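Chemist: Structure of the sequence below:
(2 chains)
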Amino acid sequence: MAHVRIRRMPAYLDYAATTPLDDKVLDGMLPYLREDFGNPSSVHGWGQRAEWAVEDARERIADGLGCLPEELIFTSGGSESDNLALRGAAFSARSARAANHILISPTEHDAVRITAYELVKRHGFDLELLPVDPLGCVDPDDLRKRIRSGTAAISVIYGNNEIGTINPIPDLATIAREHEIPFHSDALQTTCQLPTRVADLGIDMLSIGAHKFYGPKGVGALYVRGGTTLQSVQTGGSQERGLRAGTHNVPLIVGMAHAHEIALARQESDADRFRMLRDRIIEGVTSRILGARLTGHPEERLPNNASFVIEGIDGNSLLAALDLAGFACSSGSACKTGDPEPSEVLLALGMEPELALGSLRVSVGRQTTEYEVGEFLDALQDTVAKLRPSVAVA
Amino acid sequence: MSPKRTIAVAMSGGVDSSVAAALLVESGDRVFGLMLRLWSAGPERPNRCCSPRDVANASKVAGRLGIPFYVIDAKDEFKSRVVDSFISGYEAGLTPNPCLSCNRELRWGLLLERASKLGATHIATGHYARLRRTNGQYRLFRADDRQKDQSYVLSVLGQSQLAHTLFPLGKLKKEAVREIARRQGLVTANRPESQDLCFLGGDDYRTFLADHLVAAPGAIEDNQGNTLANHSGLSNFTVGQRKGIGISGPEPLYVIDKDVERNTLIVGPKSALGRTHFTVREVNWVRGHSPPESSNLTVQVRYRASAVPASLEHLEGRTKVATDEPLNNIAPGQAAVFYKGEECLGGGIISR
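Modeler: Numbering: from 1, shown residues only, chains lettered A, B, ... in the order given. So this is what the prediction gives:
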C-alpha cells in the first residue's frame, strides 16, 4: 500500500460552508458577552445599552444593504430567515387574498426547498418548480409564464451554494413586482462577494447569515421591504415588531454588523482575489483531472465557488481522501452518516444520478493562498488516481 | 514493521473497536476511523453495527481520540453479498453464518480496499484474535481471552489480507478492554455485549426469515420415513435443534436433517444425531496451503462450539473430515474451522 503525504498545515477550502470569525469582529462582540450583558427589552441601564447596540447594528447593516433599519428582522441565521420569508409570506398571502401557489427554483437551498415541501404537505399549498437551464439558471421568461394572481410567494436563490450559479435576480424581481407578488431571495453566499443593495435587486425579501461573511454562527437577518406583510412564525415577546419573538442575541447581532461592514469595505478586492484563485482551480481541475467538469455557470458564478463532477468517483470517498491529505472540501452528495444521495441540485440540472454522486465543491476565502491552491491541485490529481476503480488493492 | 504505519480502524460504535483505535493512537501510529454503513430491514430496525446512535458514538470516540472519522456506504454491497446469501442459504436448507461472508466480502473486501485507497497501510478491527508473523508468513491464533475468541469468523482470511491487518485486542481480556475504555472516557465503555446478527435489528432470525422468505409448510418424518406431523417451513429449523419441533414423545426429538427436495424435516432421537464424517467445501487456508493430512488437528463446527480432534483428507475441491467422537451439531452451511493447538489454520463450509 502506498504512503500518504501528510500536510503539516491542513488547508481549508470550504468557505461556502462557513468562514472563520474575523478577529476584529470578535473584539467588537466581547463587551456584550461580558459587562454589557443586558436584555434589550429591559428598562434599566443595562437594557438600554444592549438595546442601543442592537439598534446601532440594525442601522449599520441597513445602511450596507441600502434599506431602512425597520426593514430588517434579526434571526438565528439563514435557515430561519428563509423559513420566516417563505412561511410568513405564504400564510399572509393566503389570509389576505386566498393565494395558494408557491414558485421556487429547483436549486434552492434546503431551507427553502424543504420548507416549500412542508407547506405543500402540511398546509395544502401548491408548489411549482421553475425550470432551470443545465447551468442552473432561472430564465425570467419562465417566471413570467408561471406567475399568476394566486401566487403567494416566489423564492429564487441569488448565488447557488452548491454550483455557484448566479440568478438574474433584478430581472426576476421586476416581474414579481409587476404582479405584486412577494419575491424572496436567499443571498447567504453572495453577501460578501457581490453587490447586494436591495434597491438594485428590486426584491421584497432577502436572507443573510453572518457566518458566511466572517461573522459569528447563529445570527442572520431577513430584509422585508416596507409594505410586504408577513405572518410571524415564532410568537412570544414583541421583539422585531412581533415577527420574531425571543430575547435578542446581542453579541451575535453586534458581530454581524461588524462583519457586514468589513465585508462591504473589502467586497471588491476580496471578490477579485477569489475569482483569480477560483479560476486557477477551475483551470487546473478541468485540465488535469480526466473526466472532471465544471458544474454551474462558467461566468455568472460566485467569485469563490469552483464546483465539479468527477466521473467514476464517489463524493464521500473523495472528501475523506482529501481530508486525510490535508484539504477540506465539500460535496453536494456527501453526508457524514454514509447515506450518499445524488445532489438534488445536480439532478435538477438534468445530470445522471451516477455522475451526481461524484460532486466536489471547492470554495476559497480570505485566508486562501495561491500556494494552497497549487498544492490542492496536486493532491486532487493524486487522490483521484488512487480512488479510480482501476487501481489494484494493496 | 514499516517506520510509520497508517491504520484505518474499522469502527462499529462498540467498545472493542473503540479501544482498538485508542490503543493504536497511544502507540503513535497514524490512525483514522472508518465505519461501514450496512444494510438494515428499515429505519425502524437499524443495523446493530451502524444505527444512527452507533455512528454518533463512533464519531464521539474518534473526536475524543483526535482522529479523523468517515462513514462508508456499504448498504448495497452488504445486502447483495451477505444478507441475500444468508436468505438464499436458508432457502436451500443450509444454516449459513453471515459473519464469515461479511468478514470476507465487506471488512476484508470493500473496507480494506477503501482504506488502502485512502492511504492506509493496515486496517485494524476490534476482533479478539492474535496474529503472528514467522518466516514471512502471517499466522492466525486464538485470542488469549478464550471466552471472547473470534478466530472462527476470521478463518476466511488469507495472507494478502493478514499482511495488512492488526488485531490490537488479541492479548486482552474483555474486562481489561472495558477498563481502558473507561479510563479514556470513551462513551462506548459500558455498551452492552451484542450477540445476534447485526442486520436482524432486534428481531429473532426466524422472524427475519419469515419476512424475507415464503414459508413452505411440509412434513416432519422420523428416520424410518414415517410422517409424524407438519412443519411451518424448513428455514425455521437447524440441524441439532430440539426446541420448537412441536412433537411430544417418549424421548426428546431432534432435527436430524433437512430434505430440501422433498421439503421434509427429518427428526429422531439424540442418538441419531451424532456424525463422525462430513465434507467441507470452499476451504480457505490461512497460510495459503493445506496442512499435512497427518497433523494433529482439531475442528470446530460452530462459533461457540469446542474444537475436537479430527483428521482430514484433501480431495479435489473439498476436504473430508473425520472426527474421533460423534458431533451432534453438523449443520450444512456452517463453517468447519481447523485448528492446530491455538493456531487457526483455516476452514470451509460444511456441505454434507
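
Chemist: just the helices in the stretch 101-250 of chain B please.
Modeler: B:112-117, B:151-154, B:159-162, B:174-183, B:205-212 (DSSP state H, counting those that start in this stretch).

Chemist: mind checking the SS state of residue B:298?
Modeler: Here residue B:298 is recorded as strand under DSSP: H, G, I helix; E, B strand; the rest coil.

Chemist: right, and it touches residue B:309 too?
Modeler: Yes. Residue B:298 is within contact range of residue B:309, at 5.6 Å (criterion: C-beta atoms under 8 Å). Bear in mind the C-beta positions are built from the backbone N, C-alpha and C, glycine included.

Chemist: which of the two has more neighbours?
Modeler: residue B:298 (17 against 12; other C-beta atoms under 10 Å in any protein chain shown).

Chemist: how about the helices of the stretch 101-250 of chain B in CSV, adding distance to chain A?
Modeler: Output for the helices of the stretch 101-250 of chain B, formatted as CSV (distance: least, C-beta to the nearest C-beta, whole Å):
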stretch, distance to chain A
helix B:112-117, 5
helix B:151-154, 18
helix B:159-162, 6
helix B:174-183, 23
helix B:205-212, 22
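
Chemist: okay, those helices, which one's buried deepest?
Modeler: helix B:151-154 (a mean of 26; mean count of other C-beta atoms under 10 Å in any protein chain shown).

Chemist: will you turn the helices of the stretch 101-250 of chain B into CSV that also has mean pLDDT and distance to residue B:269?
Modeler: Formatted as CSV, these follow (pLDDT from 0 to 100; distance: least, C-beta to C-beta, whole Å):
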stretch, mean pLDDT, distance to residue B:269
helix B:112-117, 95, 47
helix B:151-154, 96, 29
helix B:159-162, 97, 43
helix B:174-183, 94, 38
helix B:205-212, 85, 24
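
Chemist: Let me have these in TSV, extended by distance to residue B:233.
Modeler: Shown next, in TSV, are these (distance: least, C-beta to C-beta, whole Å):
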stretch	distance to residue B:233
helix B:112-117	37
helix B:151-154	27
helix B:159-162	37
helix B:174-183	37
helix B:205-212	8
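
Chemist: Would you mark the buried spots in the longest helix seen in chain B?
Modeler: In chain B, taking DSSP state H as the definition, the longest helix is helix B:52-65. Across helix B:52-65, burial judged by 16 or more other C-beta atoms under 10 Å in any protein chain shown covers B:54, B:55, B:57, B:58, B:59, B:60, B:61, B:62, B:64, B:65.

Chemist: Please pull up the helix or strand immediately following that helix.
Modeler: Remark: after helix B:52-65, the chain's next helix or strand is strand B:69-73, criterion DSSP states H and E.

Chemist: is chain A contacted by that next one?
Modeler: Yes. Strand B:69-73 reaches chain A (C-beta under 8 Å from any C-beta of the partner chain) through B:70, B:71, B:72, B:73.

Chemist: what's the burial count for residue B:194?
Modeler: Residue B:194, neighbours per other C-beta under 10 Å, totals 12.

Chemist: Quick check: which helices or strands does the helix or strand bottoming out on mean pLDDT in chain B pack against?
Modeler: The helix or strand of chain B with the lowest confidence, counting by mean pLDDT, DSSP states H and E, is helix B:205-212 at a mean of 85. Packing partners of helix B:205-212 (3 or more C-beta pairs under 8 Å, 6 or more residues apart in numbering or on different chains; DSSP states H and E): helix B:84-91.

Chemist: which residues touch the helix it packs on?
Modeler: With contact meaning C-beta atoms under 8 Å, 6 or more residues apart in numbering or on different chains, helix B:84-91 is reached by B:95, B:96, B:98, B:101, B:197, B:209, B:212, B:213, B:234, B:235, B:333.

Chemist: Residue B:24 and residue B:6 touch, don't they?
Modeler: No. The pair residue B:24 / residue B:6 is not scored as a contact, 10.4 Å apart, by C-beta under 8 Å.

Chemist: Need the overlap of contacts for those two.
Modeler: residue B:31.

Chemist: ok so, going back, so which pair among the contacts of helix B:84-91 is furthest apart in space?
Modeler: The two members of the contacts of helix B:84-91 with the most space between them (C-beta to C-beta) are B:101 and B:234, at 20.7 Å.

Chemist: Backbone dihedrals for residue B:315, please?
Modeler: Backbone torsions for residue B:315, taken as degrees, to the nearest 10, come to phi -120, psi 180.

Chemist: Over to residue B:308?
Modeler: Per-residue torsions, residue B:308: phi -120, psi 150 (degrees, to the nearest 10).

Chemist: Settle this for me: it is touching residue B:321, isn't it.
Modeler: No. Residue B:308 sits out of contact with residue B:321 when judged by C-beta under 8 Å, with a separation of 10.3 Å.

Chemist: neighbour-wise, which of the two wins?
Modeler: Neighbours were counted for residue B:308 and for residue B:321 using other C-beta under 10 Å; residue B:321 has more, 24 against 16.

Chemist: Flag every buried residue along the helix or strand encompassing the more buried one.
Modeler: Assigned by DSSP H and E, residue B:321 belongs to strand B:318-327. Within strand B:318-327, the residues that count as buried by 16+ other C-beta under 10 Å are B:318, B:319, B:321, B:323, B:327.

Chemist: what about that strand, distance to the chain center?
Modeler: Centroid separation between strand B:318-327 and its chain, computed with C-alpha atoms, centre = their mean, to the nearest Å, is 21 Å.

Chemist: by contact count, what packs against that strand?
Modeler: Using 3+ C-beta pairs under 8 Å, 6+ apart: strand B:318-327 touches strand B:275-285, strand B:308-315.

Chemist: pLDDT of it, averaged?
Modeler: Strand B:318-327 shows a mean pLDDT of 92.

Chemist: Name the residues that touch it?
Modeler: B:273-281, B:283, B:290, B:299, B:301, B:308-313, B:336, B:348, B:351.

Chemist: List the contacts of residue B:221.
Modeler: Neighbour list for residue B:221: B:227, B:228, B:264, B:265, B:266, B:267 [criterion: C-beta under 8 Å, 6+ apart].

Chemist: number of nearby residues for the closest residue to residue A:331 other than its chain neighbours?
Modeler: Nearest non-adjacent residue to residue A:331, counting by C-beta to C-beta, 6 or more residues apart in numbering or on different chains: residue A:315, 3.5 Å away. Residues contacting residue A:315 under the criterion other C-beta under 10 Å number 25.

Chemist: Now the common contact residues for residue B:308 and residue B:321.
Modeler: Going by C-beta under 8 Å, 6+ apart, residues that sit against residue B:308 and also against residue B:321 are residue B:299.

Chemist: Name the residues of the stretch 51-200 of chain B found near chain A, please.
Modeler: The stretch 51-200 of chain B comes close to chain A at residues B:52, B:55, B:59, B:68, B:70-75, B:112-114, B:116-122, B:160, B:163-164, as judged by C-beta under 8 Å from any C-beta.

Chemist: For residue 265, grab phi and psi.
Modeler: As the question left the chain open, I've gone with chain A. The phi/psi pair for residue A:265 (degrees, to the nearest 10) is phi -60, psi -30.

Chemist: now residue A:292: how far from residue B:70?
Modeler: Going from residue A:292 to residue B:70 by C-beta to C-beta, to the nearest Å gives 22 Å.

Chemist: Then residue B:134?
Modeler: Where residue B:70 is concerned, residue B:134 sits at a distance of 34 Å (C-beta to C-beta).

Chemist: again, but for residue A:115
Modeler: Separation of residue A:115 from residue B:70 (C-beta to C-beta) stands at 30 Å.

Chemist: How about residue A:376?
Modeler: The gap separating residue A:376 from residue B:70 is 19 Å, by C-beta to C-beta.

Chemist: How about residue A:330?
Modeler: For residue A:330, the distance to residue B:70 - C-beta to C-beta - is 14 Å.

Chemist: Please apply the same query to residue B:32.
Modeler: Taken as C-beta to C-beta, the span from residue B:32 to residue B:70 is 7 Å.
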